[in-house]
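Novice: any chance you can model this:
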Amino acid sequence: MGLVDMDSTTTSSLSRIEAKTAKAILEGIIASYPQAIYFPLRAFYLERRDIERSHPSSSGTICVNYTEELMTKLRKTHPALWISLETILEEFIIRFRPSYEEELLATVTALLQRAESQFEHQRHSSDGKGSDEDAVRASFSRTLERVSTKFFRSQSEGSSPPKDDRAKKTAEFSHRYKEAFETDFSMNLSTDKGANRLTLTDIISKLKKWKRILEIQVSSIPPMLPLMQVSPLLSSFSFSVPDLWPGACDPHCITSPPQRKRKSDNESVLNQSSPSASAAAAMATAAAAARSVALASVYEGGGGYFGGGSASVEIPGQYSPNIMNDSKPAPELHSKLVKFASTVEVSRRNEQLVRRIGMIGSHGKVHEFLLQFAIPYWTRTDERTAQLHQLFGRVLRKEAISSRRNLWLKNTAIIPIAQRLRMTAEEKCHISIEDIYIKDCHRRGIDPNVVSQLFVEKSKHDKNSTDSKAAKLDAYHTVCKTVDSRILSRYIQNAMGNSERYFQFQRTFTAQLALNSLLQYALDVNERIPSKFVLSTRNAQVLSPDFRFSYSNQGFLEENKSVPFRLTRNIESFIGPHLLSGVFIPAMASAASAILANQNDLDPALSLLFRDDIISWYVSKSAQREGSIRSTQDLERQLADRVTRNVSLVKGRLKKCAPIDSKSKDDNQDLNLPTDEGARQLVAMATSSENIAQMSVSYCPWL
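Specialist: This is a model prediction of the structure:
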């Protein structure tokens, strides 16, 4: 495993006992491949610095110091590259941040989904206790109080008049929404214990009201914006990429001429009048640092004796684990940033608006990225799942059983920029099942939300669990009569144009879906809702946005899942019974067998990734950030049993999907069972109407 492959895991090691070793590894990466480590290292430094300021600790101070030293080394050794990257990222952070209405809409939508899920759980529970309802209501009241404090009170506390545009927008936003928001959720009556008695139904109703209000406001944003209007600086950005050859981007080739010792510099500094000797020494050090940085900048930009390739800004996402390449990185072959596309597209993803920006590379291709705001845990988890995809993809290319079926994995590039901002690579040919369904509804002139409302109305029943399951099953069958099962098939048929391309796409899509379904089941990935089931109309790749593990409250992966992966009506109809039996099931079994054949090599990597992920999950779920107060070693010891159990569960699920060797069958097993019986059982579970009907409304089981 290369050093560049595990950069995010190596950065997290700076907070552990192996920090010195990790620092030495990162110094080597900075010297050879600065743009491979710049983005994750910068985001990690900002995140750890904020945690340390909130909850100081000795281990946290060491981690921040090590990270700061690495950032300083990167800045000093690559000053021209540093200035270019920092200028671009500063524009991203300032110019592309969402408005307050967008942020509040995303918060209200998340709260609404949580409230509806909690309401459905209470309605279907057989023993609804008043104390539990009071606890849920109190929890939502506290959450809404924090939302109000974040968006309104903390912004309106300042007594000074607004000076810049952002401050004026803040004051206008607070003036427009503060009083109505706090009145709707009875926050101005919080002093009276009996006054604030909003039920969960009232909270859901008011959240829906605020979602409609904010959606109307947000919908006024045009879908396309000129880059000159959004960021004049980025629109004027232009790079001239020199002709590159092997070694042109290697910083080791950039050697500076021997420096003559300048005694007069130190002498002149010491001779100046200064309050103390320490001040004189500081001035001398600063002068020497300034000369070295200036010299490094000259030779970095001019390329020394070889060329200026190391100072050219590369298009992000061209290092492992974002590429399907097992060889040593060759920066001189990477696409360099020439300029930015002239327009910025505003689109909707997962109930929030995101900005799409294009980067024109030196090879003429436009690389498109979504600028998304997400909590640090989500970004870190997406980086770890990208590493898992890269490890499994390497195994699939290596093993004959999988390479014969042309099985391949390619993850989505996630580029962290700041604590809550990241870039996600997404081409215009990527489309989700939800987008396809919405387009079909608009073509027929119907509201896409009507089906969800019909399902909720038909599934309403009392709290008897057996009757509620039957009611949801009847509602599922009723809704299926109104939703066509060939929406996806028609869309792909229109996109492909002819039967030959359609069949080739169908076959490749089936194999890709088998790999994606295997990982959904083995890694216990949650929330495979239609908006997160994305495919590429260019190469039939099934992508994995927000591919995150689903932990229980105790930190364990769920052992028994009624629906192991998404294989709903439209997907099953598009694949067809022949490809389901002839491509999907064999591809799933072959991939599981290939991964298990490299079990000894993958076990350490799985343990590391699950260790980092569960610690990040634990810290993100802690209200007081206990993980930043307690040492990382204490958390590792506490959560070690969970890591071991989760890794064992993943391997057990892979073993279930792998072909059964007739020689290794137990005495209790039927010898007449097919070798791929495990995969067939999972397909039967995923396509069972009884199982799918019990999923939540957001899952859209009828689609």
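
Novice: flag the shaky bits of this protein, pLDDT-wise.
Specialist: 1-8, 123-132, 153-164, 187-197, 241-277, 289-309, 350-351, 461-466, 622-631, 662-672 (pLDDT under 70).

Novice: what segments of it are strands?
Specialist: 224-226, 337-340, 343-349, 352-361, 366-373, 414-418, 421-425, 430-432, 534-536, 542-543 (DSSP state E).

Novice: of all these, which one is nearest residue 200?
Specialist: strand 352-361 (24.0 Å; C-beta to C-beta). Quick note: C-beta positions are derived from backbone N, CA and C, even for glycine.

Novice: the closest one vs strand 366-373, what angle?
Specialist: 150 degrees (axes from the mean of the first three to the mean of the last three C-alpha atoms, to 10 degrees).

Novice: pull the residues that contact strand 352-361.
Specialist: Contacts with strand 352-361, where a contact means C-beta atoms under 8 Å, 6 or more residues apart in numbering, come from 96, 98, 102, 105-106, 109, 218, 221, 227, 230, 315, 335-341, 343-348, 366-373, 426.

Novice: can I get the strands of the chain in a markdown table with distance to residue 657 and mean neighbour count?
Specialist: Output for these, formatted as a markdown table (distance: least, C-beta to C-beta, whole Å; neighbours: other C-beta atoms under 10 Å):
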| stretch | distance to residue 657 | mean neighbour count |
| --- | --- | --- |
| strand 224-226 | 45 | 13 |
| strand 337-340 | 42 | 20 |
| strand 343-349 | 31 | 17 |
| strand 352-361 | 35 | 20 |
| strand 366-373 | 32 | 19 |
| strand 414-418 | 27 | 22 |
| strand 421-425 | 29 | 21 |
| strand 430-432 | 26 | 18 |
| strand 534-536 | 22 | 21 |
| strand 542-543 | 17 | 20 |
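
Novice: distance to residue 203 added to those strands, as CSV?
Specialist: Below are the strands of the chain laid out as CSV (distance: least, C-beta to C-beta, whole Å):
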stretch, distance to residue 203
strand 224-226, 35
strand 337-340, 43
strand 343-349, 24
strand 352-361, 21
strand 366-373, 25
strand 414-418, 32
strand 421-425, 30
strand 430-432, 29
strand 534-536, 32
strand 542-543, 34
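
Novice: nearest to residue 62, out of those strands?
Specialist: Short answer: strand 414-418, nearest of those by C-beta to C-beta, at 21.9 Å.

Novice: okay, now the sheet partners of the closest one, with direction.
Specialist: Paired with strand 414-418 in the same sheet, following DSSP bridges, are strand 421-425 (antiparallel).

Novice: where's the strand it pairs with relative to the chain centroid, distance-wise?
Specialist: 8 Å (C-alpha atoms, centre = their mean, to the nearest Å).

Novice: again, but for stretch 13-31
Specialist: The answer for stretch 13-31 is 24 Å, by C-alpha atoms, centre = their mean.

Novice: how close does residue 637 sit to residue 18?
Specialist: 15 Å (C-beta to C-beta, to the nearest Å).

Novice: ignore what I typed, I meant residue 483.
Specialist: In terms of C-beta to C-beta, residue 483 sits 53 Å off from residue 18.

Novice: where do the helices sit along the stretch 451-600 of the chain?
Specialist: 465-480, 487-496, 499-522, 569-579, 585-597, 599-621 (DSSP state H, counting those that start in this stretch).

Novice: mind putting the ones you listed in TSV, mean neighbour count and distance to residue 551 included?
Specialist: Below are the helices of the stretch 451-600 of the chain laid out as TSV (neighbours: other C-beta atoms under 10 Å; distance: least, C-beta to C-beta, whole Å):
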stretch	mean neighbour count	distance to residue 551
helix 465-480	17	25
helix 487-496	17	31
helix 499-522	20	15
helix 569-579	18	26
helix 585-597	23	22
helix 599-621	18	6
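
Novice: burial count for residue 104?
Specialist: 24 (other C-beta atoms under 10 Å).

Novice: surely it meets residue 214?
Specialist: Yes - using C-beta atoms under 8 Å, residue 104 makes contact with residue 214 at a distance of 6.0 Å.

Novice: mind listing what residue 561 touches?
Specialist: 521, 524.

Novice: what's the closest non-adjacent residue to residue 533?
Specialist: Spatially, and ignoring its direct neighbours in sequence, residue 533 is nearest to residue 433 (4.6 Å; C-beta to C-beta, 6 or more residues apart in numbering).

Novice: identify whichever of the strands of the chain lies nearest to residue 401.
Specialist: Among the strands of the chain, strand 542-543 sits nearest to residue 401 (C-beta to C-beta), with 20.5 Å.

Novice: distance from the closest one to the middle of the chain?
Specialist: The answer for strand 542-543 is 14 Å, by C-alpha atoms, centre = their mean.

Novice: just stretch 35-53 next, same as before
Specialist: 16 Å.

Novice: ends of stretch 674-694, how far apart?
Specialist: 29 Å (C-alpha to C-alpha, to the nearest Å).

Novice: next, the buried residues of that stretch.
Specialist: Buried residues in stretch 674-694, counting neighbours by 16 or more other C-beta atoms under 10 Å, are found at 676-680, 682-683, 685-687, 691-694.
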